[in-house]
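Peer 1: What follows is a predicted structure for the sequence shown.
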Amino acid sequence: MIIHQSYTIKGAEGKPILMDLSFKTGQEENPMVIFVHGFKGFKDWGAYKLVAEYFAKQGFRFLKFNFSHNGTTPESPLEFVDLGAFGDNTFSKEFTDLDLVISFAKSGIKFQAPNSLSLIGHSRGGGTSIIQAAKDQRISKLITWAAIANFRSLWKKEDEIEWQKKGVIFNFNSRTKQYTPLKIDLLYDLENNSQSFDILQAAARINKPWLILHGNQDENVLTGEALKLKENSLNAELFIVPYANHVFGASHPFTKEELPLALQLTCEKSVEFLRKEI
């Protein structure tokens, strides 16, 4: 039987972080995986519940969470109802959130603290996870799915001119048909932390096992980004997932009861990697 437990903690600027932990009955002390969602993502997007159940069935505790400023709320976890928070988000706030989630998981306050803790980050969350793993000794292993190699790839270079003039730009979400705001604070945060937020530099510092998974049909983050990450890390393994797009065949909402084939393979490769002896 798969158990799902929900928790809420305070994140950056006191805003809530909603999370859920999935595990199989009798495996409350098993290794834990923390999943880090990407830009315009959230913990319950698409097939992520099936992903959590897959890892639980394979003997891992799977913790996924919403960043405090991702635009959702604990009351509306599936919708971008707080565009003010979305616009106020920065990379620093997400690093604060991720650190707080890891600290919560390791604290043992609500559940058994894991001896082994790994990160899986998707897209922008992959870039965030790379930087976190490079500096955080609490993390045993790193897995990235379709990770970006540069935070600046999240917008067009030419948009920065308008951004500087107006203080805000709007990003169209084709799924929700919303224009989501990005305030200039996001760009300033990146510029003020250019060294510590450099994903490729962080990749070169990672001294723990790392698996890079990337779809060969990813149109959002090209396969070349995965190759750059691999080139910058002696410890990384790279697997190109065939016939896989940026979300490995998933979509939102996802109503099927089985994982898409590309996402199934991605999960299988991830579990195989996590089971390897360090």
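Peer 2: Arrived safely, thanks for sending.
Peer 1: only C-alpha atoms for contact and neighbour calcs from this point on.
Peer 2: Noted.
Peer 1: Which parts of the stretch 151-278 of the chain are strands?
Peer 2: With DSSP state E, counting those that start in this stretch as the definition, the stretch 151-278 of the chain shows strands at residue ranges 168-173, 178-183, 210-215, 236-241.
Peer 1: weakest of these by average pLDDT?
Peer 2: Within the strands of the stretch 151-278 of the chain, confidence is poorest for strand 168-173, with a mean of 91 (mean pLDDT).
Peer 1: Which other helices and strands does it contact?
Peer 2: With contacts defined as 3 or more C-alpha pairs under 8 Å, 6 or more residues apart in numbering; DSSP states H and E, strand 168-173 has these neighbours: helix 159-166, strand 178-183.
Peer 1: closest one to residue 191 among those?
Peer 2: Nearest of the helices and strands packed on strand 168-173 to residue 191, taken as C-alpha to C-alpha: helix 159-166 at 11.9 Å.
Peer 1: Could you pull up the mean pLDDT of that closest one?
Peer 2: Here the average pLDDT along helix 159-166 is 94.
Peer 1: Now for the nearest residue to residue 116 once chain neighbours are set aside: which residues touch it?
Peer 2: Counting by C-alpha to C-alpha, 6 or more residues apart in numbering, the nearest residue to residue 116 once its immediate chain neighbours are dropped is residue 31, at 5.0 Å. With contacts defined as C-alpha atoms under 8 Å, 6 or more residues apart in numbering, the neighbours of residue 31 are 59, 60, 61, 114, 115, 116, 117.
Peer 1: ok, 6 Å please
Peer 2: Taking C-alpha atoms under 6 Å, 6 or more residues apart in numbering as the criterion, residue 31 is in contact with 60, 114, 116.
Peer 1: Next one: the nearest residue to residue 90 once chain neighbours are set aside from residue 19, what distance?
Peer 2: In space, and not counting its chain neighbours, residue 90 is closest to residue 186: 4.7 Å by C-alpha to C-alpha, 6+ apart. Separation of residue 186 from residue 19 (C-alpha to C-alpha, to the nearest Å): 24 Å.
Peer 1: again, but for residue 262
Peer 2: Using C-alpha to C-alpha, one gets 25 Å for the distance from residue 262 to residue 19.
Peer 1: Give me the phi and psi for residue 120.
Peer 2: Its backbone dihedrals place residue 120 at phi -120, psi 120, with angles given as degrees, to the nearest 10.
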